[in-house]
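Participant: Return atomic coordinates for the entry below.
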Amino acid sequence: MTLKAATTILRIVPLIAVLFAGSNATHADERDDAIRELREQIRLLDQKLRVLERKSEIKDEESVAAAKAAPKVAVTDKGVTLTSADGANSIKLRGLVQFDSRVFFGDNGIVNNGFVLRRARIVSEGTFAKNYSFQVVPEFSGSAFTLIDANVTFAASKALQIKVGKFKTPVGYELLQSDSWSFFNERSLATNLVPNRDVGLQVGGDLAEGTITYAAGVFGGVSDAASSSNSDFDNDKDVAGRIFFTP
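Facilitator: Numbering: from 1, shown residues only. Okay, here's the model as predicted:
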């Protein structure tokens, strides 16, 4: 029985009871019995209606709870993000491909022309347990596969974040900009004067409501424009840091 049918019966049955009560005044006993029977039917119908209403409420509550517990998927121009219902865990996937061609006119036959697959990466980023984040960035361009980024960050607060692994050293503002947001495939010559990726430990964060950003760390030490080979077994280490003031 549906809610609509039960509601209709509850409206009609009292009218029938009134008509029946006045139809034959001489049969008072039969009328009283019929009224009691109708009242009992009304009571049973009311019980069924309450049960149906409660079942409907439970179904709605379960639907709301299922929607809250379901993971969220977002597809934007910045990648595909899968987030848990409570927001404490997430994983983000995005790609980066940069391709260019080099053509020289009047080079008198010197072999300089060609095509270059500058970058081909699948970037994996995410968070777990709310305060931990990771980044893994393999590089498929070039003659061999390389792992250019692989690090884990613990965020105790906005003011204190500890990062370990392989990542960009905090020197060289142009280098710190993401490759996907740079204007050109190649950076300026100034970037050749700072180290690229290195293995180490860094402490950083935001202070004064984001007006001050700092980062400082200890690294294995690589030459300018070079990246670490993922291991470092000497006693010579580099200390690097930066601080930004934003008006």
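Participant: ranges for the helices of this structure?
Facilitator: 3-23, 28-69, 173-176 (DSSP state H).
Participant: Could you tell me the least trusted of those helices?
Facilitator: Lowest mean pLDDT within those: helix 3-23, a mean of 55.
Participant: Next one: Q177 relative to A28, how far apart?
Facilitator: 96 Å (C-beta to C-beta, to the nearest Å). Where you see a C-beta, it was placed from the backbone N, CA and C, and this is true even at glycine.
Participant: who has more neighbours, these two?
Facilitator: Q177 (14 against 10; other C-beta atoms under 10 Å).
Participant: Could you pull up phi and psi at that one?
Facilitator: The phi/psi pair for Q177 (degrees, to the nearest 10) reads phi -70, psi 140.
Participant: Check what pLDDT it gets.
Facilitator: Confidence score, pLDDT, at Q177: 88.
Participant: Count the neighbours of the residue nearest to Y132 when sequence neighbours are not counted for me.
Facilitator: Distances taken as C-beta to C-beta, 6 or more residues apart in numbering put F154 closest to Y132, at 5.7 Å, once the chain neighbours are dropped. F154 has 13 neighbours, counted by other C-beta under 10 Å.
Participant: Could you list the low-pLDDT ranges of this structure?
Facilitator: Residue ranges of the chain with pLDDT under 70: 1-27, 109.
Participant: Name the residue closest to the centre of it, please.
Facilitator: For the chain, T83 is the residue whose C-alpha lies nearest the centre (C-alpha atoms, centre = their mean; 4.0 Å).
Participant: excluding its backbone neighbours, what's nearest that one?
Facilitator: Nearest to T83 is S90, by C-beta to C-beta, 6+ apart, at 4.2 Å.
Participant: Isn't the one you found up against G79?
Facilitator: No: contact criterion C-beta atoms under 8 Å: S90 and G79 do not qualify, at 11.3 Å.
Participant: Tell me which strands the strand ranked longest in the chain pairs with, and in which orientation.
Facilitator: Assignment by DSSP state E gives strand 114-128 as the longest strand of the chain. Looking at strand 114-128 with DSSP bridges, its partner strands are strand 90-102 (antiparallel), strand 132-139 (antiparallel).
Participant: where's it relative to the chain centroid, distance-wise?
Facilitator: 19 Å (C-alpha atoms, centre = their mean, to the nearest Å).
Participant: which residues are contacting stretch 188-201?
Facilitator: Applying C-beta atoms under 8 Å, 6 or more residues apart in numbering, the contact partners of stretch 188-201 are 148-149, 162-169, 171-172, 174-175, 217-228, 230-232, 237-238, 240.
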